[in-house]
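**Student:** got a predicted structure plus its sequence, pasted below:
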Amino acid sequence: MSRVTDPHTYKRRRVLAAGLALSAVGGFTALRYGERLTAGAGQVQGYTSEAPRLSGNDKDAAASAGKSHRLTTKHAATHYNNAYEFGWDKTDPFRRSADFTLSPWSVTFDGLCHRPGTFDIDELMGMPFSHLEERVYDFRCVEAWSMVIPYNGRPLRDIIKVVEPMGAARYVAFTSVYRPDELPGQASAFSTLEWPYVEALTLEEAVHPLTFATFGVYGDRHLPQNGLPFRITVPWKYGFKSPKFIVRITFTKDRPNATWHRENPSEYGWYSNVYPSISHPRWSQATERRIWGDGDIERIPSRPFNGYAEQVAHLYPGSKQQYR
Amino acid sequence: MKRFAIHALLSVPGVLLICGWQTDQLGVDPEKTVIWETGIWTFNLLITVFVLPVIARWARWSTLLRYRRAVGLWVFAYASAHLVSFLTFLLGWDITRLSEEVTERPYVLAGFSAWLILLTMALTSTRWWMRRLGRWWKRLHTMVYVVLGLAAVHYLLMIRSDWAWPVTYAVCAVTLLAMRLVQRRQVIVRSN
Ligand code: HEM
């Protein structure tokens, strides 16, 4: 093989190399930042709030709702979400959810219950949206960040009562919607998660008064990035135990599997109660970064059961290792 | 002048990050954004360190090799910024927690080991050290291959469910390491 190449070839190679380097930088920039830079916050303005008392300036809202509680701003809570149906990036949910069909929405109850059936979301609410209860919960993500969020809904137990679970039912499985055409995360070739998303609680947990059937956030029903139109909120567990976009609720005798638990049982326990002393294998759970607003972040100690120990600790007798 | 331009160019991601921080453009969680961006730019420049000699050989462009040291120092700068933001935002400068993190979390161990190697290389990057260490200088600085391997492992261990980015970087790292091995064999064969 001849190693003699004329100077022209090298000149061309230099130009080519420079071109390749430039395209590498361009490609990287487009792939990593492109969507974030082009899809602005404009989309969110399309959502209207039906209960203006809790939108807009959140500090005023908290005051007018009679809360001493400080709330996370609505902007932060709706622009920083984990909803892998839309994508793994925390800005994917608000950017990619504008076309998500929120209505009509119905939920099927099946499995071990006396009155199975499919109900429209208005039936599940059982009252006009504006009459729903508002609850301010601390929301603690397994990734060690947290927010304080006002949810609109009613205790899940009130709905479960209507379908009458059988005596043999011990668990409740929640299945989320499967719509790869509207949910790019479900269509992604690079995600190892199995769809649809499934989460589960024991029946005892599901009928606990804190377990909240949620139809709105900040008085707003139109926030798919927060798991609407219908999700469950379980404030003493890590956030992924509060399933979103629920379309099916199944009562079972055996313990159902759950999406993240199946994905990596050592990192995402089946119960996943908040225990600050039990670390996630990749980070400590002793403290959390409380997100109050965009860039307004405070590092605070985490609490057992996310601060709800008084209400729920009795559900978990014996060693907490069983309930991690 | 040229040297200045190179340094200016390499500082662009950092300058943009600082501007973004000052003008609240880094999203809801700017702390995590800083950790992620400094991490990815450490990796990008690390890859550049390995790509430069490949291009220099292929296009007989030896001037490129003169900028390797500058790129290497910026790798160290971004890695240090990455480490400092980790210490500040995630550990709140609780140094006892650093030892806990390093011993208990393999991905932090990989990143931290990589940084220690980079630190050693940065400290000994002067001509004076080069002369003083003689043959050992070269040996010490080939450790940058270990840094590349550790960086790939560090990123792979972060996968939660989406693997596209970490795997792409790992493929780049493995390719560059393989090219280097092949090249070394050629050199050895030729010198025999
Ligand atoms: C050569 C050195 C290093 C390289 C090339 C590197 C590279 C990276 C990359 C590429 C990311 C992911 C960015 C993204 O997801 O967009 C990352 C994240 C991270 N790195 Fe490093 N890193 C290095 C050293 C370190 C060190 C010394 C530490 C701490 C002791 C560290 C701690 C972290 C943490 C905590 C994250 C964020 C993980 C998360 O997403 O929660 N890294 N790093």
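**Tutor:** Thanks, I have it.
**Student:** mind checking the SS state of the nearest residue to A:Phe94 once chain neighbours are set aside?
**Tutor:** Nearest non-adjacent residue to A:Phe94, counting by CB to CB, 6 or more residues apart in numbering or on different chains: A:Gln225, 4.6 Å away. (C-beta placed from N, C-alpha, C; glycine too.) Remark: A:Gln225 carries the secondary structure label helix [criterion: DSSP: H, G, I helix; E, B strand; the rest coil].
**Student:** how about A:Thr250?
**Tutor:** Taking three-state DSSP as the rule, one finds A:Thr250 in the strand state.
**Student:** got a pLDDT number for A:Ala168?
**Tutor:** With respect to pLDDT, A:Ala168 scores 97.
**Student:** then A:Thr48?
**Tutor:** 33.
**Student:** same check on A:Gly34?
**Tutor:** For A:Gly34, the predicted pLDDT is 85.
**Student:** which residues touch the residue nearest to A:Phe94?
**Tutor:** Each residue near A:Gln225 by CB atoms under 8 Å, 6 or more residues apart in numbering or on different chains is listed here: A:Thr78, A:His79, A:Asn81, A:Ala83, A:Phe86, A:Pro93, A:Phe94, A:Ser97.
**Student:** 10 Å instead, please
**Tutor:** A:Gln225 makes contact with A:44, A:47, A:77-83, A:85-86, A:90-98, A:100, A:217, A:244, according to CB atoms under 10 Å, 6 or more residues apart in numbering or on different chains.
**Student:** I'd like the distance between it and chain B.
**Tutor:** Separation of A:Gln225 from chain B (CB to the nearest CB, to the nearest Å): 12 Å.
**Student:** what about chain B, any weak spots by pLDDT?
**Tutor:** B:190-192 (pLDDT under 70).
**Student:** please, where are all the helices along it?
**Tutor:** In chain B, the helices defined using DSSP state H lie at B:2-22, B:30-58, B:63-66, B:68-85, B:95-104, B:106-123, B:127-133, B:135-141, B:144-156, B:164-191.
**Student:** mind listing what's buried in the longest one?
**Tutor:** Neighbour counts over helix B:30-58 (16 or more other CB atoms under 10 Å in any protein chain shown) mark B:30-56 as buried.
**Student:** also the shortest one?
**Tutor:** Of all the residues in helix B:63-66, those buried under the rule 16+ other CB under 10 Å are B:Leu64.
**Student:** again, but for the last one
**Tutor:** When neighbours are counted by 16+ other CB under 10 Å, the buried residues of helix B:164-191 are found to be B:Trp165, B:Pro166, B:Tyr169, B:Ala170, B:Cys172, B:Ala173, B:Leu176, B:Leu177, B:Arg180.
**Student:** and for the fifth one?
**Tutor:** Along helix B:95-104, these residues count as buried under the neighbour rule (16+ other CB under 10 Å): B:Arg97, B:Leu98, B:Glu100, B:Glu101.
**Student:** how about it and chain A, touching?
**Tutor:** Yes. Applying CB under 10 Å from any CB of the partner chain, one finds helix B:95-104 touching chain A at B:Arg97, B:Glu100, B:Glu101, B:Glu104.
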